[in-house]
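Chemist: Predicted model and sequence follow; I will ask about them next.
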Amino acid sequence: MLDSEFESFRPHHILCVRFLPDNIPGCVDTFARAAGRIREIMAGDADICVQLREGPD
């Protein structure tokens, strides 16, 4: 696996995107970008490794 095929997200990002709409008023831009990338990964068939990392919730 190449380093470019590695993604790292906090667990709540992965779970939230299943239940939240694409455009959330007041949403922080970094969360919106992460949510978009998670949706791409979940919908695609690429061989990508996702690492869960700690962070504030």
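Modeler: Arrived safely. Numbers count the residues shown, from 1 in each chain.
Chemist: distance between the ends of stretch 34-51?
Modeler: Counting by C-alpha to C-alpha, to the nearest Å, you get 13 Å between the two ends of stretch 34-51.
Chemist: For that stretch, buried residues please.
Modeler: Neighbour counts over stretch 34-51 (16 or more other C-beta atoms under 10 Å) mark 34-35, 37-38 as buried. Just so you know, the C-beta spots here come from the backbone N, C-alpha and C atoms, and that holds for glycine as well.
Chemist: Check the offset of it from the chain's centre.
Modeler: Centre-to-centre, stretch 34-51 and its host chain are 7 Å apart (C-alpha atoms, centre = their mean, to the nearest Å).
Chemist: per-residue confidence averaged over it?
Modeler: The pLDDT scores in stretch 34-51 average 81.
Chemist: Now the most centrally placed residue in the chain: closest residue in space, sequence neighbours ignored.
Modeler: Central residue of the chain (C-alpha atoms, centre = their mean): residue 38, 3.3 Å from the mean position. Leaving aside its chain neighbours, residue 38 sits nearest to residue 17 (4.9 Å; criterion: C-beta to C-beta, 6 or more residues apart in numbering).
Chemist: Next: residue 20.
Modeler: Using C-beta to C-beta, 6+ apart, the nearest residue to residue 20 is residue 35, at 7.2 Å.
Chemist: Need the contact partners of the strand or helix carrying that neighbour.
Modeler: Per DSSP states H and E: residue 35 is located in helix 29-43. Contact partners of helix 29-43, identified using C-beta atoms under 8 Å, 6 or more residues apart in numbering, comprise 7, 9, 13-14, 16-17, 20, 22, 24, 48, 50.
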